[in-house]
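*Asks:* Take this sequence and fold it.
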Amino acid sequence: MADQATKKMGDWGLGAGELERILSEAAKHKGESLWQDAWRRLKANRTAWCSLCFLALFTSVAFLAPLLPLPSPVSLDLQIEPQPPVAPWSQFGRGGFSPEYWELSGLDQAMVRGRVAIFDDWQTAAWLGTDAKGRDILSRIVWGSRTSMLVALAAALCSLAIGVTYGALAGYLGGAVDNLMMRIVDVLYSIPFIFVVIFLITIVNEYRTELEDHYGINREVIFYLVIGAIYWLTMARVVRGQVLSLRHAEFIDAARQLGASTARIVFVHLVPNVLSIVIVYLTLTIPAVMLFEAFLSFLGLGIEPPKVSWGLLAVDGSEMVNPVRIYWWLVVFPAAAMGATLLALNLVGDGLRDALDPKLRGQS
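*Replies:* So this is what the prediction gives:
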């Protein structure tokens, strides 16, 4: 065998040292999976990577809002007019924190107790100003982002669960079943969902006491579910189109010949192969959901006071815009926070689309 290897190297014009050098260089280059290559290319995209870091930081601040030394978003200090922003270096903080909140979850209550234990009654000054009721704008923006992100997450998970399952089954089964399932989607598309939301919220308002007492379902839960349930239709169409192109692939035929069930073929073989498209679409769905939530809250159909959302902040800002005087901080800062978040989400979605494109695999 050694003689044969030496003869081969001689045929190729390689000496023993040259072959060892080639093998050592080859060992330095490890293969990459699709996801590793996508992650590398996403980090190389500075715009998308910075947007992702911003979203991670903003989400962390929103989640830790009860632990931060911010004033309560519902603490009132009635005054004649809203107070303008103050620079942090001129007034960094003050005392007088009062733990006044709506009904918080157990985790949020624990974080509020931790906040009191760490900072006592110290709180930040009105760095972004206050509204006409003396409520801190910075605190309301941070707490409002929790609501908007929660709605977006609920819609994303609902779209993922319903849309991917429905679209994958329709695409794989094909024929009359696919035709029937997609006609149902067409019918649902024809329904003006704003009227559906108004109808459901009205029904919930009529029976909210019975729903909360007997089933533990409140108006906010219905609001989350309704928004999430109307955003799976496009996801189903996207997934169906991808599955139709894969249903006759060799690996699917092999799985079918080996006796794999329909559920196994769909969820083990097909769905993982369309996850890249699903992830990209989810990043583009979340901004649309956040805008829809803000619109409904602006109309009074969303989150109810004393809770706060970006839609309610828009309502407060619009009420204070008049020809006599414009309290600009009530409009600019909430709009800047929402605009920056939506822009970052869209940039991340654009970066993920490029990173997960198989045609660009192996490129920096």
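
*Asks:* Could you pull out the buried residues of the longest helix along the chain?
*Replies:* The helix spanning the most residues in the chain, taking DSSP state H as the definition, is helix 329-355. Going by neighbour count (16 or more other CB atoms under 10 Å), the buried part of helix 329-355 is 329-334, 337-338, 341-342, 344-345, 347-355. For the C-beta atoms, the positions are set from N, CA and C on the backbone; glycine is no exception.

*Asks:* can you give me the helices in the stretch 201-350 of the chain?
*Replies:* Chain-ordered helices for the stretch 201-350 of the chain, with DSSP state H, counting those that start in this stretch as the definition, fall at 208-210, 219-229, 233-246, 250-257, 262-264, 275-298, 310-319, 329-355.

*Asks:* For L211, report the pLDDT, please.
*Replies:* L211 is assigned a predicted lDDT (pLDDT) of 70.

*Asks:* got it, and I80?
*Replies:* Looking at I80, its pLDDT is 65.

*Asks:* Same check on P323?
*Replies:* In this model, P323 is scored at 67, pLDDT.

*Asks:* can you check G362 too?
*Replies:* Model confidence at G362, expressed as pLDDT, equals 53.

*Asks:* same question, S24
*Replies:* Taken from the predicted model, the pLDDT recorded for S24 is 69.

*Asks:* Likewise for the one 5 residues further on?
*Replies:* Listed pLDDT for H29 reads 59.

*Asks:* now V86
*Replies:* In the prediction, the pLDDT value recorded for V86 is 87.

*Asks:* That one contacts L128, correct?
*Replies:* No - under the criterion of CB atoms under 8 Å, V86 makes no contact with L128, lying 9.1 Å away.

*Asks:* more crowded one of those two?
*Replies:* Neighbours were counted for V86 and for L128 using other CB atoms under 10 Å; L128 has more, 22 against 15.

*Asks:* tell me the domain ranges of the protein?
*Replies:* The chain breaks down into these domains under automatic domain parsing: 1-30, 43-360.

*Asks:* Q36: which of the ones you listed is closest?
*Replies:* domain 1-30 (9.3 Å; CB to CB).

*Asks:* Flag the shaky bits of the protein, pLDDT-wise.
*Replies:* 1-35, 79-80, 215-219, 322-323, 357-364 (pLDDT under 70).

*Asks:* thinking again about what came up before, can you redo the helices of the stretch 201-350 of the chain as a markdown table with distance to M149?
*Replies:* Putting the helices of the stretch 201-350 of the chain into a markdown table (distance: least, CB to CB, whole Å) gives the following:
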| stretch | distance to M149 |
| --- | --- |
| helix 208-210 | 24 |
| helix 219-229 | 12 |
| helix 233-246 | 19 |
| helix 250-257 | 37 |
| helix 262-264 | 33 |
| helix 275-298 | 8 |
| helix 310-319 | 10 |
| helix 329-355 | 8 |
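
*Asks:* Out of those helices, the one nearest T47 is which?
*Replies:* Distances from T47 to each of the helices of the stretch 201-350 of the chain were compared using CB to CB; the shortest belongs to helix 329-355, at 5.6 Å.

*Asks:* can you pull out the strands in the protein?
*Replies:* Assigned strands in the chain, in chain order: 93-94, 123-124 (criterion: DSSP state E).

*Asks:* and among the ones you listed, the most buried is which?
*Replies:* Using mean count of other CB atoms under 10 Å, the stretch among these with the largest mean neighbour count is strand 123-124, at a mean of 21.

*Asks:* what helices or strands is it leaning on?
*Replies:* Of the remaining helices and strands, those touching strand 123-124 by 3 or more CB pairs under 8 Å, 6 or more residues apart in numbering; DSSP states H and E are strand 93-94.

*Asks:* helices or strands next to the strand it packs on in the packing?
*Replies:* The elements that strand 93-94 packs onto, with contact taken as 3+ CB pairs under 8 Å, 6+ apart, are strand 123-124.

*Asks:* For D77, which non-adjacent residue is spatially closest?
*Replies:* Counting by CB to CB, 6 or more residues apart in numbering, G134 is the residue found nearest to D77 once chain neighbours are left out, at 2.8 Å.

*Asks:* any idea how far V331 is from the one you found?
*Replies:* 18 Å (CB to CB, to the nearest Å).

*Asks:* Now find how far off-centre stretch 43-59 is within its chain.
*Replies:* Between the centre of stretch 43-59 and the centre of its host chain there is 13 Å, according to CA atoms, centre = their mean, to the nearest Å.

*Asks:* same thing with stretch 232-239?
*Replies:* If you compare the mean C-alpha spot of stretch 232-239 with that of the full chain, they lie 17 Å apart, counting by CA atoms, centre = their mean.

*Asks:* Could you number the chain from 101 rather than 1 from now on?
*Replies:* Taking 101 as the first residue, the last one we looked at is stretch 332-339.

*Asks:* Can you show me the CA trace of it as CSV?
*Replies:* Provided in CSV are the C-alpha atoms of stretch 332-339 (Å, rounded to 0.1, in the frame of the first residue of the first chain):
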residue,chain,number,x,y,z
TRP,A,332,-51.2,33.4,9.3
LEU,A,333,-52.8,33.6,5.9
THR,A,334,-49.9,35.0,4.0
MET,A,335,-47.6,32.7,5.9
ALA,A,336,-49.7,29.7,4.7
ARG,A,337,-49.4,30.8,1.1
VAL,A,338,-45.7,31.3,1.3
VAL,A,339,-45.1,27.9,2.9
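
*Asks:* Would you confirm that V297 contacts L396?
*Replies:* Yes - the pair formed by V297 and L396 meets the contact definition of CB under 8 Å, at 6.5 Å.

*Asks:* what is in contact with these two at once?
*Replies:* Taking CB atoms under 8 Å, 6 or more residues apart in numbering as the contact rule, the neighbours common to V297 and L396 are I327.
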